[in-house]
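Q: prediction below, plus the sequence it came from.
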Amino acid sequence: MTLRPALRPIPFALAALFFHASSTADDFVLQRVLVEGSRTSQIGMTDSASSGSVGARELENRTVYRPGELLEATPGLIASQHSGEGKANQFYLRGFNLDHGTDLATWVDGMPVNQRSHAHGQGWTDLNFLIPELVTRLDYRKGPYSVTDGDFSSAGKASLTYANRLLAPMASLTLGQDRYARTVLAGSPEAAGGNLLYALELMKNDGPWTRPDGYRKVNAVLRYSRGYSNNGWHVTAMHYRGHWNASDQIPLRAVTGGQLGRFDTIDPSDGGEAERSSISGSWRRTTQESATGLSAYVIRNRGDLYSNFTYFLNDPANGDQFSQPDRRVTTGLDGSHTWHAWKSADGAMASDMTVGFQLQNDNIFNGLHDTRARRRLATTREDHIVETSGAVYLEHATKWSEALRTVVGVRANRYAFRVDSDRPENTGRAHDTLATPALSIAYGPWQHTELYANYGHGFHSNDARGTVASVDPKTLEPVDRTPGLVRSRGMELGLRTVAIPQMETTVSVYRLDFDSELTYIGDAGNTEAGDPSRRYGVELSNSYRANRWLSVNFDAAYAHARSRGGNPAGDRIPGAVEGVAQLGLTVDRAGPWSGALRLRYFGPRPLIEDNSVRSQPSVTLNGRAAYRIGKDMRLELEGFNLTNRRDSAIDYYYASRLASEADAVEDIHFHPIEPRSFRLTLVKTW
């Protein structure tokens, strides 16, 4: 059975490692194959048209302003920002405004990034600890069609894998406008029969804002590994710390009226700090008969956010700033075992059976406080939360012939919630269980084309505080308790073809239903119940290798999102993304030169339920050019928003009040995209 371990990050070349079993189960022969093209063909390797992998070479060619934008290598996904650089990104995919990560499961190096029952929002996904130079592969999957995926994965899942070994030690220095500076040092020397990977990142960025972001971060990784990704183990320690001033969204009326500039802020004391430390380990064993994996992690997260989105609406004297502290320790253990149950003599038919489990526990202390200039004035709520989950799954994959494959599975999930609140009425225990089946069919009677049909159930967990709450912590009015788990149901038809030489095309048509769009509103300290919803859409992705040195990628997606509860205010879902597209041109192997251009379209969205207020679309063009100085040095120039458009990165519509206003005003509040800027990087290897 052919296995594909993690790829090594090699500048301007991507090496895929393939292992083949020899006469004994423990003896493997290593072959190295050079893969041409920016994306390797996924024919015969995936179970849906909307899943795939992006290798180190294409990820290296992407121009990203912030680490979370690396996820935009997933076709149809948009990563935006409405605050300071240290805050978690805002994500959009398949008709969802995913807020800071709800319904997009994100994993880095075998650890979940989404934070459950977070002070600011359910599924909080802060990727600022990511070091792009270490990422060797991005695996993405959209829709609830795999029982190996659990919480937050209904819209999609993105998994980033770090390398065990680098081709050579490297050091880089980047300088840019707006007092941007970044340096990275990394290497992986042999040590005690294995490899010791180390990386250190230091970065600062003030941004174009009138009140500088003042973002400063320190990031470090230390890993020891032995063996390979399918037969070996590793232990990894990570640490990240950052602090920043927030440049939150501002009201459009203040900008058009001349009271504010586009890059001004209203409350200069907004901001935050975050810290993340983790230790994790993974072990893999593969033989001719079976494959076993086991991983464990301990993650300590600490965060403090200070925000003011309504200015003087609620408190004309002190302003509406609030703080959201969050402290947590997350522990987890995942395991799986696959039996290669049977295989026909000619290899045309085969069957695998996989059983697995996932355990996670979050011990959380968080709160919500009224503040002024980061000084606490009053407490809305303080809670100690213990959230524990367990899941077991069974998956059976069968290759019926050279043309037909199926995967069928079922997953059982159980969650337990315990909340000790400063209000006895909001203290209690709850639990919820859910079974989620899935089925995938791949049919490829033609040599270069496959058809897919997928069906499955997924879910997201709700904030633990809503499952036991009896009163609103601000108004003290009675509230209904919310279920712990909310079911989703998805189906999809897709096609993947390489019928045109050097081009891979995928098309998928999908539908996704949610029983309820229940969300925890961290800014108010309560749970908001939403109507059931339905989304359907179409996605197109093309990757074309025009010649030896030029590749072209084009992705486009359209989604139709509606609530189904008969809301008299309207059936639109505020912020639900409709149309997105990306066009990328990549040049490599053109002598010492390489480069890329990427045009991104982020379409308009309804901002309120009756669709009478909509956001404007945004279009950005980013690019990079690199020149190799000898064998061990490279100079890169990156450019962002090259056409210098004055678009919004994000838009909201709600009521706020400025200090000069007597009453609340409903208005669009926006965060601008950064103006044209450049960064110059020198990379040295040895």
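A: Here it is on my side, so go on.

Q: in the chain, which residue is closest to the centre?
A: The centroid of the chain falls nearest to residue 106 when counting by Cα atoms, centre = their mean (4.5 Å).

Q: now the one helix or strand it maps to: mean pLDDT?
A: Residue 106 is part of strand 104-108 when elements are defined by DSSP states H and E. For strand 104-108, the mean pLDDT works out to 97.

Q: hang on, the earlier thing: bridging residues for the residue nearest to the centre of the chain?
A: Going by DSSP bridges, residue 106 is paired in beta bridges with residue 158.

Q: what residues does the strand holding residue 106 touch?
A: Strand 104-108 has contacts (Cβ atoms under 8 Å, 6 or more residues apart in numbering) with 71, 77, 91, 93, 96, 98, 112-114, 123, 125, 127, 129-130, 149-153, 155-160, 162. To be clear about C-beta, it is placed using only N, CA and C from the backbone, and glycine gets the same treatment.

Q: after that strand, which helix or strand is next?
A: Downstream of strand 104-108, the next assigned helix or strand under DSSP H and E is strand 111-112.

Q: that following strand packs against which elements?
A: With contacts defined as 3 or more Cβ pairs under 8 Å, 6 or more residues apart in numbering; DSSP states H and E, the packing partners of strand 111-112 are strand 322-343.

Q: chain center to the strand it packs on, what's the gap?
A: Centre-to-centre, strand 322-343 and its host chain are 16 Å apart (Cα atoms, centre = their mean, to the nearest Å).

Q: between whatever helix or strand comes next after it and strand 322-343, how many degrees?
A: Per DSSP H and E, the first helix or strand lying C-terminal to strand 322-343 is strand 350-372. Here strand 350-372 runs at an angle of 180 degrees relative to strand 322-343 (axes from the mean of the first three to the mean of the last three Cα atoms, to 10 degrees).

Q: got the angle for the helix or strand following strand 350-372 vs strand 350-372?
A: Next helix or strand after strand 350-372 toward the C-terminus (DSSP H and E): strand 375-399. Comparing the axes of strand 375-399 and strand 350-372 via the same axes, to 10 degrees yields an angle of 170 degrees.

Q: what lines up beside strand 375-399 in the sheet?
A: strand 350-372 (antiparallel), strand 404-421 (antiparallel).

Q: report the rounded mean pLDDT for that strand.
A: Over the span of strand 375-399, the pLDDT mean works out to 97.

Q: before we move on, what about stretch 308-317?
A: Stretch 308-317 carries an average pLDDT of 95.

Q: can you list the buried residues in that stretch?
A: Buried residues in stretch 308-317, counting neighbours by 16 or more other Cβ atoms under 10 Å, are found at 308, 309, 310, 311, 312, 313, 315.

Q: dump these to a markdown table, plus secondary structure.
A: Below are those laid out as a markdown table (DSSP: H, G, I helix; E, B strand; the rest coil):
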| residue | secondary structure |
| --- | --- |
| 308 | coil |
| 309 | coil |
| 310 | coil |
| 311 | strand |
| 312 | coil |
| 313 | coil |
| 315 | coil |
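
Q: identify the farthest-apart pair in the residues you listed.
A: Longest distance between any two of the buried residues of stretch 308-317 is 13.1 Å, between 309 and 315; criterion Cβ to Cβ.

Q: how about residue 671: which residues does it bridge to?
A: Applying DSSP bridges to residue 671 gives these bridge partners: residue 650.

Q: hmm, residue 81 and it touching each other?
A: Yes. Between residue 671 and residue 81 there is a contact under Cβ atoms under 8 Å: 6.9 Å.

Q: where do the contact lists of these two overlap?
A: Shared contacts of residue 671 and residue 81 (Cβ under 8 Å, 6+ apart): 649, 650.

Q: what segments of the stretch 201-350 of the chain are helices?
A: Listed in chain order, the helices found in the stretch 201-350 of the chain under DSSP state H, counting those that start in this stretch are 252-256.

Q: low-confidence ranges in it?
A: Applying pLDDT under 70 to the stretch 201-350 of the chain picks out no residues at all.

Q: strands along that one, start to end?
A: 215-227, 232-245, 250-251, 271-286, 290-307, 322-343, 350-372 (DSSP state E, counting those that start in this stretch).

Q: now swap in the stretch 1-150 of the chain and tell me
A: Secondary structure of the stretch 1-150 of the chain (DSSP E, counting those that start in this stretch): strands at 8-10, 13-21, 28-34, 51-55, 78-80, 90-93, 96-97, 104-108, 111-112, 135-142.

Q: list the contacts of residue 388.
A: Neighbour list for residue 388: 360, 361, 362, 415, 416 [criterion: Cβ under 8 Å, 6+ apart].

Q: so what sits opposite the last one in the bridge?
A: According to DSSP bridges, the partner residues bridging residue 416 are residue 388, residue 431.

Q: wait, which of the contacts of residue 388 is closest to residue 486?
A: Proximity of the contacts of residue 388 to residue 486 was ranked by Cβ to Cβ; the top entry is residue 415 with 11.4 Å.

Q: of all the strands paired with strand 375-399, which one is nearest residue 580?
A: Each of the strands paired with strand 375-399 has some distance to residue 580 by Cβ to Cβ; the shortest is strand 404-421, at 28.4 Å.

Q: and that closest one, what's buried?
A: 405-407, 409-411, 413, 415-421.

Q: same question, stretch 624-644
A: Of the residues in stretch 624-644, those buried (16+ other Cβ under 10 Å) are 624, 626, 628, 634, 636, 638, 639, 640, 641, 642.

Q: now stretch 495-515: mean pLDDT?
A: 95.

Q: so how far is it from its chain's centroid?
A: Remark: stretch 495-515 is offset 21 Å from the chain centroid, using Cα atoms, centre = their mean.

Q: hey, C-alpha coordinates of it in PDB?
A: The C-alpha coordinates for stretch 495-515 follow below in PDB (Å, rounded to 0.1, in the frame of the first residue of the first chain):
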ATOM      1  CA  LEU A 495     -16.300  16.300 -10.500                       C
ATOM      2  CA  ARG A 496     -12.500  16.300 -10.700                       C
ATOM      3  CA  THR A 497     -10.800  16.000 -14.100                       C
ATOM      4  CA  VAL A 498      -7.300  16.300 -15.700                       C
ATOM      5  CA  ALA A 499      -8.700  15.600 -19.200                       C
ATOM      6  CA  ILE A 500      -7.000  18.800 -20.400                       C
ATOM      7  CA  PRO A 501      -3.200  18.100 -20.200                       C
ATOM      8  CA  GLN A 502      -1.500  20.000 -17.400                       C
ATOM      9  CA  MET A 503      -4.800  21.200 -16.000                       C
ATOM     10  CA  GLU A 504      -6.800  20.000 -13.000                       C
ATOM     11  CA  THR A 505     -10.400  21.200 -12.700                       C
ATOM     12  CA  THR A 506     -12.900  20.600  -9.900                       C
ATOM     13  CA  VAL A 507     -16.500  21.500  -9.700                       C
ATOM     14  CA  SER A 508     -18.800  20.900  -6.700                       C
ATOM     15  CA  VAL A 509     -22.400  21.700  -6.000                       C
ATOM     16  CA  TYR A 510     -23.500  21.400  -2.300                       C
ATOM     17  CA  ARG A 511     -26.200  22.000   0.200                       C
ATOM     18  CA  LEU A 512     -25.800  22.400   4.000                       C
ATOM     19  CA  ASP A 513     -28.600  22.700   6.600                       C
ATOM     20  CA  PHE A 514     -28.200  23.700  10.200                       C
ATOM     21  CA  ASP A 515     -30.800  23.000  12.900                       C
END
